[in-house]
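>>> Fold the following and give me the result.
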Amino acid sequence: MQQFGLKDKIGYMFGDFGNDFFFAIVTYYLMVFYTDILHISPATVGVLFLTARLWDAVADVTWGRFIDSRKAGINGKFRPWILRMSIPLVISGVLMFVKIPGVSDGFHLAWAFVTYILWGTLYSTVNIPYGSMASVVTDNPNERTSLATWRTAGANFAWLIIGAASPFIFFVNNQANANRFLMGAVIFAILSLACYMACYKLSTERIEMNAKTQEKVNLGKTLKGVLKNKALLVLLLAALVLLVVTMLQGTVQTYLLKDYFGSATTLSIMTTVQTVLAFVAIPLITPLAKKFGKKEMSGISMVISGVVYTAMYFMPNMGLTTFIVLSSLAYFALCFFNTAIWAFVTDCIDYQELLTGIREDGTIYSIYSFSRKVGQAVAGGLGGFALSAVGYDATLKAQTASTLHGIFSLNTIIMGVGYAVVGLIILFLYPLNKKRTLQLTVDLTEKRKAPLESSGKPA
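Numbers count the residues shown, from 1 in each chain. Modelled structure (predicted):
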């Protein structure tokens with residue numbers, strides 16, 4: 001079998017490239033589509049986001065358990081599901097952005113609930129096997145960090161394309177346009193599907209588990225093991241807070257640019273600048289993690305990001321250029337943990353195996369994904385409720401001064417406090433520092449050899 005190398009990195013990169021075409025559109029624009037085109041109230045959209053993402057969290061764990069109950073085939077255990085489920089996933093993505101003429105507002109509300117929940121459910125069927133696959137592509141900690149950086153590079157490519165091009169596709173004269181939204185959704189669906197196919201073709205699952213580590217267990221036994229896994233529990237907490245803040249920012253940021261600064265298309269400039277900075281950060285992550293440790297690098301970078309966002313709140317009458325520069329610097333710091341977090345997950349999967357003797361890649365990844373979905377659910381609900389609380393009214397040509405100040409606060413002080421909290425959680429609670437992570441690989445290798453040696457089989 002071919003050794004781990006550039007082909008695997010490129011293949012894995014394409015997976016999140018495909019994932020984040022629609023994830024970015026949903027984050028930036030689905031709230032705008034619902035409020036400005038389907039004329040659903042922000043509070044109602046908040047209920048939809050909260051309900052759907054909580055369901056998604058359950059779907060993640062259910063699908064993770066299902067995947068772990070399957071045996072690996074000739075093409076691996078996880079890759080085939082990316083191939084099977086990607087087509088229905090992108091079709092459901094397009095359906096979210098369909099406005100049917102001549103129907104009632106009640107029908108559009110029902111349509112929004114059904115299509116968004118369908119998309120989220122199908123997203124689990126692709127994303128859970130994709131995320132779980134990292135732990136069987138390589139078992140080397142530094143190679144996994146490298147794999148995580150390539151995954152993030154793929155996501156950043158998608159966010160760059162969405163951020164740079166979509167404002168010009170979706171908006172006409174600073175107004176959301178229904179036909180343009182549908183056209184853009186079709187274009188990005190085709191690109192997304194092509195990326196999934198590339199991920200399937202270029203990735204290789206090469207880590208095979210022996211019969212003991214693949215032993216089937218019930219969910220109760222798994223959860224008992226999770227409760228002993230401090231690394232996973234702390235990561236779940238950090239991921240929950242991170243996703244609440246990040247998704248809230250994605251939801252309200254478009255309103256900041258559209259209403260506070262008066263230019264929705266500025267999102268193109270800001271996303272381009274921030275994505276370029278992300279690509280600057282990516283090659284630094286693996287060597288920094290190797291030298292200082294993922295925990296140490298990530299915690300410090302998150303605190304720095306939080307400090308910058310907090311400082312922005314106390315700068316009155318901030319201009320658009322200043323906002324772009326400072327928020328981009330904060331985003332640069334954020335990139336280090338946002339990228340390395342996928343390598344944290346694979347370490348937690350290994351740590352679970354060390355504790356329990358059972359290998360459950362899909363289940364542990366789905367539990368991690370569960371926490372992310374809960375964070376997204378909370379953020380989705382908060383986004384709609386927060387916009388309502390500050391008085392946003394889609395029927396007004398211009399929002400009130402108090403509403404604009406509220407939108408600005410949501411994009412600065414809330415971000416700053418949230419990101420700083422994530423950094424402190426990682427620095428003071430996460431147990432796997434550099435030394436313990438390296439020892440984990442050694443201990444796990446020895447533990448896997450033990451049942452093979454006792455059975456007389458070659459290790």
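>>> And the next helix or strand past the longest helix along the chain?
Ranked by number of residues, the top helix in the chain under DSSP state H is helix 320-356. Once helix 320-356 ends, the next helix or strand along the chain (criterion: DSSP states H and E) is helix 361-389.
>>> what's next to the helix or strand following that following helix, contact-wise?
Following helix 361-389 in sequence order, the next helix or strand is helix 401-410 (DSSP H and E). The contact list for helix 401-410, computed with C-beta atoms under 8 Å, 6 or more residues apart in numbering, reads 248-249, 252, 255-256, 259-260, 313, 318, 386-387, 389-393, 399. Placement of C-beta: from N, CA and C, glycine included.
>>> State the mean pLDDT of helix 401-410.
The pLDDT scores in helix 401-410 average 93.
>>> Only the C-alpha atoms, please, for that helix, written as CSV.
C-alpha atoms of helix 401-410 as CSV (Å, rounded to 0.1, in the frame of the first residue of the first chain):
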residue,chain,number,x,y,z
ALA,A,401,-29.3,53.9,15.5
SER,A,402,-29.8,51.6,18.5
THR,A,403,-30.3,48.6,16.2
LEU,A,404,-27.0,49.4,14.4
HIS,A,405,-25.1,49.7,17.7
GLY,A,406,-26.6,46.4,18.8
ILE,A,407,-25.4,44.7,15.5
PHE,A,408,-21.9,46.2,16.0
SER,A,409,-21.8,44.9,19.6
LEU,A,410,-22.7,41.4,18.5
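>>> continuing past that helix, what's the next helix or strand?
helix 413-429.
>>> hang on, the earlier thing: what's the mean pLDDT across the longest helix of the chain?
92.
>>> Just want the angle from that helix to helix 413-429.
Angle, helix 320-356 to helix 413-429, by axes from the mean of the first three to the mean of the last three C-alpha atoms, to 10 degrees: 30 degrees.
>>> right, and Phe33 touches Gly184 too?
No: using C-beta atoms under 8 Å, Phe33 is not in contact with Gly184, being 10.5 Å away.
>>> what does stretch 50-64 contact?
113, 116-117, 120-121, 123-125, 127-128, 132, 362-367, 369-371, 373-374, 376-378, 380-381.
>>> Give the buried subset of these as a PyMOL selection command.
Command for PyMOL that selects the buried part of the contacts of stretch 50-64, burial taken from 16 or more other C-beta atoms under 10 Å:
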select buried, resi 113+116+117+120+121+123+124+125+127+128+132+362+363+364+365+366+367+369+370+371+373+374+376+377+378+380+381
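>>> Contact partners for Ile414?
Here Ile414 is in contact with 245, 248 (C-beta under 8 Å, 6+ apart).
>>> ah, wrong one, I meant Thr271
So Thr271 contacts 159-160, 162-164 (C-beta under 8 Å, 6+ apart).
>>> So which of those belong to helices?
Filtering these for helices - DSSP H - leaves 159-160, 162-164.
>>> Show me where the stretch 201-350 of the chain dips below the pLDDT cut-off.
Scanning the stretch 201-350 of the chain for pLDDT under 70 picks out the ranges 209-219.
>>> Now do the helices in it.
219-228, 230-255, 266-292, 294-313, 320-356 (DSSP state H, counting those that start in this stretch).
>>> Of all those helices, which one is nearest Gly15?
Of all the helices of the stretch 201-350 of the chain, it is helix 320-356 that lies closest to Gly15, at 10.9 Å by C-beta to C-beta.
>>> Report the buried residues of the closest one.
320, 323-324, 326-356.
>>> go on, stretch 418-428?
For stretch 418-428, by 16+ other C-beta under 10 Å, it's 418-423, 425-426.
>>> same check, this time on stretch 182-192
Within stretch 182-192, judged by 16+ other C-beta under 10 Å, the buried ones are 182, 184-185, 187-189, 192.
>>> Which one of those residues is nearest to Pro80?
Using C-beta to C-beta, the buried residues of stretch 182-192 come closest to Pro80 at Ser192, 18.3 Å.
>>> What strand or helix carries that closest one?
Using DSSP H and E, Ser192 sits in helix 178-202.
>>> Packing partners of that helix?
helix 6-25, helix 79-95, helix 141-170 (3 or more C-beta pairs under 8 Å, 6 or more residues apart in numbering; DSSP states H and E).
>>> For the longest one, which residues meet the burial criterion?
In other words, helix 141-170. 141-167, 169-170.
>>> Just the pLDDT for Pro451.
56.
>>> In JSON lines: the helices of the stretch 201-350 of the chain, plus distance to Ala59.
Converted to JSON lines, the helices of the stretch 201-350 of the chain look like this (distance: least, C-beta to C-beta, whole Å):
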{"stretch": "helix 219-228", "distance to Ala59": "15"}
{"stretch": "helix 230-255", "distance to Ala59": "16"}
{"stretch": "helix 266-292", "distance to Ala59": "29"}
{"stretch": "helix 294-313", "distance to Ala59": "28"}
{"stretch": "helix 320-356", "distance to Ala59": "18"}
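>>> out of those, nearest to Val90?
helix 230-255 (20.5 Å).
>>> now that closest one against helix 361-389, angle please.
Using the same axes, to 10 degrees: helix 230-255 against helix 361-389 is 40 degrees.
>>> What residues of helix 230-255 count as buried?
231-255.
>>> Surely Tyr200 and Ile82 touch.
Yes: counting by C-beta under 8 Å, Ile82 is a contact partner of Tyr200 at 5.2 Å.
>>> For Ala59, grab the count of nearby residues.
22 (other C-beta atoms under 10 Å).
>>> Then it would be within a helix, right?
Yes: the assignment for Ala59 (DSSP: H, G, I helix; E, B strand; the rest coil) places it in a helix.
>>> quick one, what contacts Val136?
76-78, 205-208, 361 are the contacts of Val136 under C-beta under 8 Å, 6+ apart.
>>> Can you convert the buried residues of stretch 182-192 into TSV and add a column each for distance to Leu95?
Listed next are the buried residues of stretch 182-192 as TSV, based on distance: C-beta to C-beta, whole Å:
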residue	distance to Leu95
Leu182	10
Gly184	14
Ala185	9
Ile187	15
Phe188	13
Ala189	10
Ser192	14
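>>> Tell me the one among those nearest to Glu446.
Ser192 (41.8 Å).
>>> how close does that closest one sit to Pro167?
19 Å (C-beta to C-beta, to the nearest Å).
>>> cool, Ala343 as well?
On the measure of C-beta to C-beta, Ala343 and Pro167 end up 33 Å apart.
>>> Repeat that for Leu109.
Leu109 is 26 Å from Pro167, by C-beta to C-beta.
>>> which stretch in the helices and strands packed on helix 178-202 is the model least sure about?
The stretch with the lowest mean pLDDT among the helices and strands packed on helix 178-202 is helix 141-170, which comes in at a mean of 87.
>>> Could you list every helix and strand in contact with it?
Helices and strands touching helix 141-170, as assessed by 3+ C-beta pairs under 8 Å, 6+ apart, comprise helix 6-25, helix 105-137, helix 178-202, helix 266-292, helix 320-356, helix 434-454.
>>> angle of the longest helix of the chain against helix 266-292?
40 degrees.
>>> Helix 320-356 vs helix 434-454, what angle?
Relative orientation of helix 320-356 and helix 434-454, computed by the same axes, to 10 degrees: 30 degrees.
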